[in-house]
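# Provided below for reference: sequence and predicted model.
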Amino acid sequence: MRQDQEDPYQRRSARAYAAADRAGSRSVDSLAGVLYDAVLLDRDGTLIEDVPYNGDPEKVRPVPGARAALDRLRAAGLRLAVVTNQSGLARGYFSAEQMRAVHARVEELLGRFDAWLICPHDDADGCACRKPAPGLVYAAARELGTTASRCAMVGDIGRDVAAALAAGAAGVLVPTPVTRPEEIAAAGWVASDLPAAVDEILRRQQAVQPVTAPGDPVRTALVVRSDSAGDVLVTGPAIRAVAAGAQRVVLLCGPRGRAAADLLPGVDEIIEYPLPWIDSTPGPVDPESVRGLTAHLSAVGADQAVVFTSFHQSALPLALLLRMAGIGRIAAISDDYPGSLLDIRHRVPVGVPEPERALSLAAAAGHRLPDGDEPVLRLRRDAVAPRPAELGESGYVVLHPGSAASSRACPPDVATRIAGALTAAGHRVLVTGSSDERGITARVAAAGGTDLGGRTDLAGLAAIVADASAVVVGNTGPAHLAAASGVPVVSLFAPTVPFGQWGPYRVPTVRLGDAAAPCRDTRAANCPVPGHPCLSGVDPDHVVDAVRTLTVSGGGRR
């Protein structure tokens with residue numbers, strides 16, 4: 001065990017946040033641990049039956065269960081807005097007066113909505129409000145006194161989900177017969193109908209709220225996330241929640257996640273150890289080393305341990321060591337029977353975003369985010385290295401083609417064409433990568449951009465990402481660095497793992513790539529399909545369009 005890696009001077013640096021972190025007109029106290037302030041709903045096919053270009057109130061028919069579902073949202077204190085494309089106005093199929101009559105009938109049947117946001121344009125008009133552009137989502141959030149990241153958007157086609165993601169909202173797809181299969185495959189959150197969507201919104205909202213306090217005051221909490229940098233980053237909100245209720249937080253992480261652990265608010269000390277049942281390239285189990293780890297964990301003197309794992313990992317081997325170390329209260333997610341190893345055996349449905357999955361475990365252990373903190377990814381401001389002055393002004397596009405898992409990396413020839421297209425469109429491009437990826441970054445940057453391959457550690461990369469206008473990246477650590485800084489992401493997402501769990505969290509995002517590729521849900525680290533079809537077909541012009549969508553729209557940075 002590398003005891004020299006324990007840093008007793010790691011500081012929390014997380015308890016105060018700037019006023020810019022506040023959402024709209026809501027009080028700061030009301031933000032703690034609440035996922036959503038509002039639910040935005042598409043009209044046709046979601047709230048009412050889809051009658052093309054309907055201007056007749058007599059043809060309004062609610063979808064089954066709509067009124068009861070909406071009333072449940074209202075009873076939970078969530079504000080509701082309708083967000084709808086109505087190109088029939090531009091085409092002259094009905095008048096504004098007829099549309100208002102239809103909406104009056106909708107409210108007569110389904111109850112009052114807090115706002116109606118309507119795009120009256122056609123596709124050819126090139127407006128910023130017609131879904132899949134995010135303009136209506138931003139406008140609805142402003143109208144409701146909140147931010148897009150605190151909204152869930154429910155719709156029946158891919159345009160609805162895309163608009164939500166591009167604004168940083170949660171997108172919920174409720175398919176109908178007109179929904180295309182590729183739209184269903186690309187959606188990160190799919191519900192069978194509107195009542196089911198509402199059930200899950202309310203369940204997720206409740207899951208991050210503690211039911212009971214942890215009991216006696218927690219002097220020292222041991223939190224565990226032994227995985228890669230991205231895994232550690234997405235656990236950050238849950239660790240901050242534990243830190244809000246404990247005097248001291250010790251984080252046990254692995255070598256691959258240590259650099260990310262150094263960036264997390266809420267952590268006082270770090271212990272680094274490669275758990276052989278978690279590490280992707282484990283060595284043999286060394287009994288003497290494991291005994292040393294157990295002794296070291298015992299010396300921590302933790303009152304409580306919260307073991308965070310990914311959805312395919314087991315917390316039970318470590319729970320056994322924690323019991324042997326004398327830790328009396330242990331919480332973890334476990335589908336397997338834990339016997340006496342866990343005091344809190346928590347379960348989470350498949351599909352929940354990893355940050356929320358971890359937050360729900362923290363809540364089960366009695367912890368919530370502190371007042372004024374939101375359930376978003378964050379970095380310690382004092383831990384991010386200064387950005388090199390020679391990189392010039394902010395506002396560039398970061399292109400990060402690589403990944404530790406080759407199945408999630410952008411094919412070099414595709415990344416090269418993306419760099420050329422972005423440069424031709426007038427963007428200044430910085431190409432980033434690890435020291436092992438210098439050959440790829442040099443090749444990509446030669447098509448347009450500055451090669452930064454191997455020139456930064458994670459803290460330095462965080463500084464570069466924080467000043468970008470957008471980041472083009474696969475499902476890998478820098479996507480979560482971008483989310484932690486509120487920087488929009490063009491996600492070249494290989495579907496080896498679910499997008500709903502691992503996509504950029506609560507940050508404006510455009511997803512590109514074939515979501516239905518044969519590698520879908522394989523969890524493969526190396527591409528199992530010749531030709532890397534999930535990302536090889538990405539059109540560089542679509543990347544340019546995505547950057548334009550994310551940087552022109554007026555959501556603002558948190």
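Arrived safely, thanks for sending. Numbers count the residues shown, from 1 in each chain.
# any residues touching stretch 430-443, and which ones?
Residues outside stretch 430-443 that contact it (Cβ atoms under 8 Å, 6 or more residues apart in numbering): 391, 396-402, 404, 412, 415-416, 419, 444-445, 449-454, 456, 461, 464, 468, 478. Glycine gets a C-beta too; all of them are placed from N, C-alpha and C.
# Please list the members of those residues that lie in helices.
Among the contacts of stretch 430-443, the members falling in helices (DSSP state H) are 412, 415-416, 419, 444-445, 461, 464, 478.
# can I get those in JSON lines with distance to Ala325, neighbour count and pLDDT?
Listed next are the ones in helices among the contacts of stretch 430-443 as JSON lines, based on distance: Cβ to Cβ, whole Å; neighbours: other Cβ atoms under 10 Å; pLDDT from 0 to 100:
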{"residue": "Pro412", "distance to Ala325": "46", "neighbour count": "16", "pLDDT": "95"}
{"residue": "Ala415", "distance to Ala325": "46", "neighbour count": "30", "pLDDT": "97"}
{"residue": "Thr416", "distance to Ala325": "51", "neighbour count": "23", "pLDDT": "97"}
{"residue": "Ala419", "distance to Ala325": "50", "neighbour count": "28", "pLDDT": "97"}
{"residue": "Val444", "distance to Ala325": "47", "neighbour count": "31", "pLDDT": "97"}
{"residue": "Ala445", "distance to Ala325": "48", "neighbour count": "24", "pLDDT": "97"}
{"residue": "Leu461", "distance to Ala325": "35", "neighbour count": "24", "pLDDT": "96"}
{"residue": "Ile464", "distance to Ala325": "40", "neighbour count": "25", "pLDDT": "96"}
{"residue": "Pro478", "distance to Ala325": "35", "neighbour count": "28", "pLDDT": "96"}
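# where's Thr549 relative to Thr179, distance?
Applying Cβ to Cβ, to the nearest Å, the value for Thr549 to Thr179 is 22 Å.
# neighbour-wise, which of these two wins?
Thr549 (22 against 19; other Cβ atoms under 10 Å).
# pretty sure the more buried one is in contact with Thr509, am I right?
No: between Thr549 and Thr509 there is no contact under Cβ atoms under 8 Å: 10.3 Å.
# Mutual contacts of the two, please.
Counting by Cβ under 8 Å, 6+ apart, the common neighbours of Thr549 and Thr509 are Ala166.
# So for stretch 540-556, what gets flagged as buried?
Residues of stretch 540-556 classed as buried: 540, 542-547, 549-551, 553, 555 (neighbour count, 16 or more other Cβ atoms under 10 Å).
# same deal with stretch 73-90?
Of all the residues in stretch 73-90, those buried under the rule 16+ other Cβ under 10 Å are 73, 78-90.
# Just confirm Val249 is within a strand.
Yes: assessed with DSSP: H, G, I helix; E, B strand; the rest coil, Val249 lies in a strand.
# That one: neighbouring residues, count only.
Neighbours of Val249 using other Cβ under 10 Å come to 26.
# Quote the end-to-end distance of stretch 181-191.
Using Cα to Cα, to the nearest Å, one end of stretch 181-191 lies 14 Å from the other.
# Give the buried residues for that stretch.
183-191.
# Any idea how many residues pack against Ser298?
So Ser298, with other Cβ under 10 Å, has 15 neighbours.
# distance of the residue lying farthest from the centre of the chain from Glu49?
Computed with Cα atoms, centre = their mean, the residue of the chain farthest from its C-alpha average is Glu58, at 41.3 Å. Glu58 is 13 Å from Glu49, where distance means Cβ to Cβ.
# Many thanks, I have nothing further to ask.
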